[in-house]
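Participant: following is a predicted model, sequence given first.
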Amino acid sequence: MMLCFGFGVLAFLIVIGRSEWFHLRPASGTAAAMANAGTHSGANAQAKAGALPGEDGVEIR
């Protein structure tokens with residue numbers, strides 16, 4: 001019983017020390033690109049404001 005407790009404490013200390021092992025990562029290159037685009041879209045959105053049709057107030061039918 002003490003051996004199991006010791007292994008549990010050891011596992012807990014390893015998890016605390018190596019938390020980067022448990023971060024979720026994108027599963028594919030496409031998912032990584034989409035995650036990257038989502039985090040960096042703020043700078044590009046400011047530069048391209050008004051570039052899309054309909055953003056200048058003209059209604060598109």
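Facilitator: Arrived safely. Numbers count the residues shown, from 1 in each chain.

Participant: now M34: how far from L24?
Facilitator: Distance of M34 to L24, computed by C-beta to C-beta, to the nearest Å: 14 Å. Where C-beta positions appear, they are placed from N, C-alpha and C, glycine not excepted.

Participant: for L24, identify the helix or strand it belongs to.
Facilitator: In this structure, L24 is located outside every helix and strand according to DSSP states H and E.

Participant: I'd like to know how far it sits from A35.
Facilitator: Counting by C-beta to C-beta, the gap from L24 to A35 is 10 Å.

Participant: report the helix or strand with the lowest average pLDDT across this structure.
Facilitator: Lowest by mean pLDDT, DSSP states H and E among the helices and strands of the chain is helix 41-47, with a mean of 53.

Participant: buried sites along the top helix by length along the chain?
Facilitator: The single longest helix within the chain, with elements called by DSSP state H, is helix 2-17. By 16 or more other C-beta atoms under 10 Å, helix 2-17 has no buried positions at all.

Participant: I'd like to check what contacts whichever helix or strand comes after it. Which residues are they?
Facilitator: For helix 2-17, the following helix or strand on the C-terminal side (DSSP H and E) is helix 29-39. Contact with helix 29-39 is made by P26, as judged by C-beta atoms under 8 Å, 6 or more residues apart in numbering.

Participant: export helix 29-39 as PDB, just CAs?
Facilitator: These are the backbone C-alpha positions of helix 29-39, laid out as PDB (Å, rounded to 0.1, in the frame of the first residue of the first chain):
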ATOM      1  CA  GLY A  29      -1.100  20.800 -40.300                       C
ATOM      2  CA  THR A  30      -4.400  22.200 -41.300                       C
ATOM      3  CA  ALA A  31      -5.500  22.500 -37.700                       C
ATOM      4  CA  ALA A  32      -2.300  24.100 -36.800                       C
ATOM      5  CA  ALA A  33      -2.700  26.700 -39.700                       C
ATOM      6  CA  MET A  34      -6.200  27.500 -38.600                       C
ATOM      7  CA  ALA A  35      -5.200  27.900 -35.000                       C
ATOM      8  CA  ASN A  36      -2.300  30.200 -36.100                       C
ATOM      9  CA  ALA A  37      -4.600  32.200 -38.300                       C
ATOM     10  CA  GLY A  38      -7.100  32.600 -35.500                       C
ATOM     11  CA  THR A  39      -4.500  34.000 -33.100                       C
END
